[in-house]
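*Asks:* Here is my input; please provide its structure:
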Amino acid sequence: DYEALRLKTLVNTIELVFTGIAIAVAVIFIFLKDYVATGWLKVEVLSAQSVSTSVTIIAITLAFRFYVSVIRSGLSAYERQVWLNAVTVVTNTLRYPASLLFVMFCSNNIIYFFLIQLVVAIIELLLFKIKLSSLLPSLKQGVRIFSTDELKRIAPLAAGIGYSNVIWLLLSQLDKLILS
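*Replies:* Down below sits the predicted model:
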């Protein structure tokens, strides 16, 4: 089916573009981690190394969460809000209360808090990716990894979604940056 082929190619193209953006942003943050740890943040209790490591983990977590936001949009397009909300409740419970309890009762090292955030982001990505893959047509032949034609066709919409995702991610991760 031609439409199924276009859909799968489109999803691959969008995922590839947003993966590239996520990696680029993470690399920039990782490159600037020492500046952020010593020049931007005013740290009094934590070591510069702990803050630098935390910034690295935050950057990687941001990249995963950015990619997840694209997959989340795909799941929303398939109208899987109940499944999406159930998984979001579980991951947010792991992400916030569970990680806070771990830091309070197991280790007060801030790096563990951010590592838990990263692990939850990876789990969330895997769950969302598996679910979206199960909803997409199961075509193997003829599906392209990247298509400039498909990208041009949806460029205005993709740019708007990408901008919204960046703003959402920055706002949702700001507390972690402040914590560090």
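*Asks:* can we go C-alpha only for contacts and neighbour counts from here?
*Replies:* Fine.
*Asks:* Just give me the longest helix of the protein.
*Replies:* helix 148-179 (DSSP state H).
*Asks:* and it, what does it pack onto?
*Replies:* Using 3 or more CA pairs under 8 Å, 6 or more residues apart in numbering; DSSP states H and E, the elements in contact with helix 148-179 are helix 2-31, helix 48-77.
*Asks:* okay, the angle between that helix and helix 48-77?
*Replies:* Helix 148-179 runs at 140 degrees relative to helix 48-77, counting by axes from the mean of the first three to the mean of the last three CA atoms, to 10 degrees.
*Asks:* buried stuff in helix 148-179?
*Replies:* Neighbour-count burial for helix 148-179 flags Glu150, Leu151, Ala158, Gly162, Asn165, Val166, Leu169, Gln173 (criterion: 16 or more other CA atoms under 10 Å).
*Asks:* ok, so of these, who is nearest Leu94?
*Replies:* Lowest distance from Leu94 to the buried residues of helix 148-179 (CA to CA) belongs to Gln173, with 15.4 Å.
*Asks:* Make sure that closest one is actually in contact with Leu62.
*Replies:* Yes. Between Gln173 and Leu62 there is a contact under CA atoms under 8 Å: 7.5 Å.
*Asks:* and the longest helix of the chain, how far from the chain's centre?
*Replies:* The chain centroid and the centroid of helix 148-179 are separated by 10 Å under CA atoms, centre = their mean, to the nearest Å.
*Asks:* Taking helix 2-31 as reference, get the angle to that helix.
*Replies:* 40 degrees.
*Asks:* re earlier: out of the helices and strands packed on helix 148-179, which is the most enclosed?
*Replies:* Of all those, helix 48-77 carries the top mean neighbour count, a mean of 21, counting by mean count of other CA atoms under 10 Å.
*Asks:* Mind putting the helices and strands packed on helix 148-179 into TSV with distance to Leu100 and mean pLDDT?
*Replies:* Shown next, in TSV, are the helices and strands packed on helix 148-179 (distance: least, CA to CA, whole Å; pLDDT from 0 to 100):
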stretch	distance to Leu100	mean pLDDT
helix 2-31	24	91
helix 48-77	15	92
